[in-house]
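Provided below are the primary sequence and the corresponding predicted coordinates.
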Amino acid sequence: MIIDDRKRVAVMASGRGSNFEALCRGDTGTGKVVLLLSDRKDARVLERAAELGVGSAVIDPGSYRTRMGISEEERCARTLEEEGIDLVCLAGFMRMLKGPLLEAYDGRIMNIHPALLPAFPGLEAQRQAFEYGVKYSGCTVHYVDAGMDTGPIILQEVVEVLDEDTVSSLSARILEREHVIYPRAVNLHCAGRLRVDGRKVRLLPQGS
Ligand code: GRF
């Protein structure tokens, strides 16, 4: 008997889609990106999905600007369930989740943030860090809860801020590291090696 232990991963994104592509191309282990959902019909990420042969759909986010509407979130959760999705990865998805999707996928939604949380949550994190004058910034993959970038932290990577940096050169170096840690986090989750214990995400040994 062949047992298919692959985990079906969906990505939700609003823009450029470089993290989506990194998740498609990277070593995600038993996790496989099978679906892209975007709330913007003109998003570059939709072209990337077509180029990579990943199925995609444009979702209706509802009438709010910075979050999904409740019934739209419900519909989105239903779509993900119908597609047999095991894990949802937000990758530059510019809306907060508040209700039905969080409930349906509790502990199974991740996000990538371009700063070392809990510092500099929210928009333009690289600029916030740069203008604050930090010597080190970086990126964070975390599970998603109802707060703004507040869920339990899975992986982080540090990036040094150089004297000659601009916001854009710093952002580019952070992005390179995002493309490494996001697939790694998905790999660990899909291998069953992450256990959430309150605020802490424990990394279990291989084969456990
Ligand atoms: C990344 O910087 C990510 O950390 C943030 O949004 C940006 C998305 O970039 N959440 P891309 O669309 O994946 O290229």
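Cool, got the structure.

quick check: Arg177 touching Val159?
Yes - judged on CB atoms under 8 Å, Arg177 makes contact with Val159 at a distance of 5.8 Å. Using the backbone N, CA and C atoms, a C-beta is placed for each residue, glycine as well.

quick check: residues of the protein near the ligand?
Taking CB under 6 Å from any ligand atom as the contact definition, the chain meets the ligand at 13, 15-19, 91-92, 112-114, 175, 178.

give me the buried subset of those.
Taking 16 or more other CB atoms under 10 Å as the criterion, what is buried in the residues of the chain next to the ligand is 13, 15, 17-19, 91-92, 112-114, 175, 178.

quick check, Cys139 in a helix?
No - the assignment for Cys139 by DSSP: H, G, I helix; E, B strand; the rest coil gives strand, which leaves it out of any helix.

which of the three states applies to the nearest residue to it once chain neighbours are set aside?
Spatially, and ignoring its direct neighbours in sequence, Cys139 is nearest to Glu178 (4.7 Å; CB to CB, 6 or more residues apart in numbering). Secondary structure assignment for Glu178 (three-state DSSP): helix.

check Glu178 and give its pLDDT.
Looking at Glu178, its pLDDT reads 98.

that one and Glu47, how far apart?
20 Å (CB to CB, to the nearest Å).

try Thr150
As defined by CB to CB, Thr150 lies at a distance of 32 Å from Glu47.

what about these two, which has more around it?
Thr150 (15 against 12; other CB atoms under 10 Å).

list residues touching both of Arg177 and Val159?
Shared contacts of Arg177 and Val159 (CB atoms under 8 Å, 6 or more residues apart in numbering): 138-139.

those two: which is more packed in?
Shown here are Arg177 and Val159; by other CB under 10 Å, Val159 has more neighbours (23 against 16).

my guess is the more buried one contacts Cys139. True?
Yes - the pair formed by Val159 and Cys139 meets the contact definition of CB under 8 Å, at 7.4 Å.

now do the shared contacts for the two.
With contacts taken as CB under 8 Å, 6+ apart, Val159 and Cys139 have 174, 177 as neighbours in common.

find the helix or strand that the residue in the chain that the ligand sits nearest to is a member of.
Proximity to the ligand, evaluated over the chain using CB to the nearest ligand atom, is greatest for Gly92 at 2.7 Å. Of the helices and strands defined by DSSP states H and E, none includes Gly92.

list the contacts of it.
So Gly92 contacts 13-17, 19-20, 45, 112 (CB under 8 Å, 6+ apart).

what kind of secondary structure is Phe20 in?
Phe20 - assigned by three-state DSSP - is helix.

nope, Cys76 is what I was after
Recorded secondary structure, Cys76: helix (three-state DSSP).

these two touch, right, it and Ile59?
Yes - assessed by CB under 8 Å, Cys76 is found in contact with Ile59 at 5.5 Å.
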